[in-house]
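> what follows is a predicted structure for the sequence shown.
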Amino acid sequence: MAKDAGYIKLINTARWRRLRIKKLQAQPLCGCCKGKDKITPATEVHHVTPVESVTTIEQMEILMFDYNNLMSVCSECHNEIHAEMFSHTKENIKKANKRRTQRFINNYL
Ligand SMILES: [Zn+2]
Ligand SMILES: [Zn+2]
């Protein structure tokens, strides 16, 4: 996934590194595995609302450093979460295309 320049800038700040460590210390287990009754140490921090879902650097900064927007995860779950978000997007595109086709049929046939 291509990362936005603003995102890269924020993820490389000392502020983010500190916050990330703080989160992993406060929540050392993968929040995703815990839901599946598995105990896995978290190694990564996920943003529940994706930082790239907003367009301005100010809004990105808010999401990036919002402690309540963070979730400790293991790398396996993290990959899964992102793969799922991507497939949802694809699914939405398909649905939108279908709606467009339907509208076309309604209008012209
Ligand atoms: Zn996990
Ligand atoms: Zn993530």
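Alright, I've got the coordinates. Numbers count the residues shown, from 1 in each chain. Ligands and ions are numbered 1, 2, ... in the order given.

> pLDDT below threshold where in this protein?
Applying pLDDT under 70 to the chain flags residues 1-2, 89-90, 92-93, 109.

> on contacts alone, who are the packing partners of the top helix by length along it?
The residue-count maximum for a helix in the chain (DSSP state H) belongs to helix 75-108. When contacts are defined as 3 or more Cβ pairs under 8 Å, 6 or more residues apart in numbering; DSSP states H and E, helix 75-108 packs onto helix 31-35, strand 44-47. Quick note: C-beta positions are derived from backbone N, CA and C, even for glycine.

> chain center to the last one: distance?
Pointing back at strand 44-47 there. Computed by Cα atoms, centre = their mean, to the nearest Å, the chain-centroid distance of strand 44-47 equals 8 Å.

> so after that strand, what's the next helix or strand?
helix 57-64 (DSSP states H and E).

> what's the spacing between that following helix and its chain's center?
14 Å.

> can you list the buried residues in the longest helix of the chain?
Buried residues in helix 75-108, counted by 16 or more other Cβ atoms under 10 Å: Cys77, His78, Ile81.

> these: which ones sit near ligand 1?
Cys77 (Cβ under 5 Å from the ion).

> and of the buried residues of helix 75-108, the nearest to ligand 1?
Proximity of the buried residues of helix 75-108 to ligand 1 was ranked by Cβ to the ion; the top entry is Cys77 with 3.2 Å.

> measure the residue lying closest to that closest one once chain neighbours are set aside to Arg18 for me?
In this structure, Cys77 finds its nearest non-sequential neighbour in Cys32, 3.7 Å apart by Cβ to Cβ, 6 or more residues apart in numbering. Distance, Cys32 to Arg18, by Cβ to Cβ, to the nearest Å: 23 Å.

> which of those two has more residues huddled nearby?
Remark: of Cys32 and Arg18, Cys32 carries more neighbours, 20 against 11, as counted by other Cβ atoms under 10 Å.
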